[in-house]
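A.B. asks: What follows is a predicted structure for the sequence shown.
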Amino acid sequence: QVQLQESGPGLVKPSQTLSLTCTVSGASITTSSYHWSWIRQPPGKGLEWVGAITSSGTTDHNASLKSRTSISRDTSKMQFTLQLSSVTPEDTAVYYCARRREIGAGGFFDYWGQGTQVTVSS
């Protein structure tokens, strides 16, 4: 059974860098045809894709967040990490990590973490 678990601080001060880690079990983050994503949901709003790292280590980012995001991985620990710099209260959200299965030009998210609440506040 594939499981994803987010971890990181629940409270971050404005202008600081948010760092979240997703630990994967039951699957390898280097298996082809899968992308490992970060998605967030601000309070009262819909889901927003933040970015992803592919099985080969290539990253892709939401254009609106690209200048502030960095995604990396540790294959020895089966973890991938999101760093979001210069956070503001607008970055307050539940952050999810998820696996996306790529099929041709499309795909779908098949496994999700439970989500972790991150609040940006002084």
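C.D. replies: Here it is on my side, so go on. Numbering: from 1, shown residues only.
A.B. asks: How far does stretch 92-111 stretch from one end to the other?
C.D. replies: 23 Å (C-alpha to C-alpha, to the nearest Å).
A.B. asks: Rounded mean pLDDT for that stretch, please.
C.D. replies: For stretch 92-111, mean pLDDT rounds to 94.
A.B. asks: which other residues reach that stretch?
C.D. replies: 2-4, 6, 8, 20, 22, 24, 27, 33-43, 47-48, 50, 52, 80, 82, 112-121 (C-beta atoms under 8 Å, 6 or more residues apart in numbering). Any C-beta I mention is one placed from the backbone N, CA and C, and that applies to glycine too.
A.B. asks: and the residue nearest to the spatial centre of the chain, how far is that from residue 1?
C.D. replies: The centre of the chain sits closest to residue 38, judged by C-alpha atoms, centre = their mean, with a distance of 2.1 Å. Residue 38 sits 21 Å away from residue 1, going by C-beta to C-beta, to the nearest Å.
A.B. asks: Direction included, what does whichever strand in the chain runs longest pair up with?
C.D. replies: Criterion DSSP state E: the longest strand present in the chain is strand 93-103. Strand 93-103 has the following sheet partners, assigned by DSSP bridges: strand 34-41 (antiparallel), strand 106-112 (antiparallel), strand 116-120 (antiparallel).
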